[in-house]
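> Would you be able to build a 3D model of this:
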Amino acid sequence: MSTLQTLRFFATPEHECSYLDNEKARTLFVDPQADLDADIYAQLTDMGFRRSGSHIYRPHCIQCDACISVRIPAYEFQMSKSQKRIWNKNRDLSVESIDPALTDEIYKLYERYIKERHSDGDMYPPSPGQFSGFLADSNQQSQFHLMRDAEGKLLAVAVSDSLQQGQSAVYTFYDPEHEHRSLGTYAVLWQLMQLREQRGGYLYLGYWVKNCRKMSYKARFYPLERLEQGVWIRVGDAERQESL
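Below you'll find the predicted structure:
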């Protein structure tokens with residue numbers, strides 16, 4: 001079993017940044033052959049690493065620190081008025097949690113979401129193999145949270161990893177026709193409420209990039225903590241407002 005002291009890391013060459021136009025990025029990967037248990041994964045998450053399929057990574061840019069790791073303390077979280085409206089709007093949804101799976105129903109929702117919402121991103125074009133490599137293939141304690149309406153139609157899937165110190169929100173995809181429900185925000189709210197009811201801890205949201213509009217929703221959660229030089233600190237109201 002690997003430890004933090006024995007882990008090897010590999011840096012990629014520069015490539016196009018997924019978040020900021022006209023910027024180059026580098027990524028630091030944990031050795032994909034390393035045997036990572038739940039304790040090591042939890043420690044890496046607290047150090048700002050994320051999971052994509054079986055790969056554990058974090059940004060490793062030389063002259064840019066725009067990607068900020070953020071998390072929400074579940075017991076301290078306070079819904080805003082707009083978040084309460086979103087929560088109430090989706091009270092008709094039921095949620096079933098299952099092990100990661102590539103089913104026709106789940107994949108069709110994912111395929112539609114990527115094609116309509118992220119056709120300019122590095123996940124386009126979607127394919128079953130790309131879906132599995134990104135979300136279904138996991139060597140951690142992962143779950144798919146299936147969100148259905150009263151008629152049983154699948155509207156959203158939130159993918160998360162269970163951690164010793166809380167939960168990591170890996171990815172959420174949803175039916176673009178139901179954008180009025182704000183399902184991305186609802187998925188975060190639901191995971192926070194589950195944490196509060198079950199065991200507390202933190203919900204890790206990945207990277208917050210202030211100048212990336214797609215990331216601005218993360219600044220709407222309060223309180224929000226950011227990782228700075230290895231220490232988690234509270235994000236001030238003024239800093240949050242800069243991103244909204």
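> Is residue 172 bridged to anything, and to what?
When bridges are called by DSSP bridges, residue 172 pairs up with residue 158.
> could you list every residue that touches it?
Applying Cβ atoms under 8 Å, 6 or more residues apart in numbering, one finds that residue 172 lies in contact with 156-159, 183-184, 187-188. Heads up, the C-betas are built off the backbone N, CA and C, glycines and all.
> swap the cut-off to 7 Å and go again
156-158, 184, 187 (Cβ atoms under 7 Å, 6 or more residues apart in numbering).
> repeat for residue 74
Taking Cβ under 7 Å, 6+ apart, one finds 166, 192, 195-196, 200-203 in contact with residue 74.
> residues touching residue 169, list them.
Counting by Cβ under 7 Å, 6+ apart, the residues that residue 169 touches are 158, 160, 188, 191, 203-206.
> For burial, what's the neighbour tally of residue 151?
Neighbour count of residue 151, defined by other Cβ atoms under 10 Å: 6.
> Now do the SS call for it.
coil (DSSP: H, G, I helix; E, B strand; the rest coil).
> any idea how far residue 92 is from it?
From residue 151 over to residue 92 the distance is 10 Å, taken as Cβ to Cβ, to the nearest Å.
> hmm, back to that, okay, the contacts of residue 169 in TSV with pLDDT next?
Shown next, in TSV, are the contacts of residue 169 (pLDDT from 0 to 100):
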residue	pLDDT
158	98
160	97
188	98
191	98
203	98
204	98
205	98
206	96
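> Make CSV from those residues and add neighbour count to it.
Output for the contacts of residue 169, formatted as CSV (neighbours: other Cβ atoms under 10 Å):
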residue, neighbour count
158, 24
160, 25
188, 24
191, 23
203, 24
204, 25
205, 21
206, 20
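> ok, the residues you listed vs residue 217, which is closest?
residue 188 (8.1 Å; Cβ to Cβ).
> What ranges does the chain have for its strands?
Applying DSSP state E to the chain gives strands spanning 9-11, 15-16, 24-25, 27-30, 50-52, 55-59, 68-73, 94-98, 142-148, 154-163, 166-174, 202-208, 225-228, 231-234.
> looking at those strands, which is closest to residue 111?
Nearest to residue 111, of the strands of the chain and by Cβ to Cβ, is strand 166-174 at 9.3 Å.
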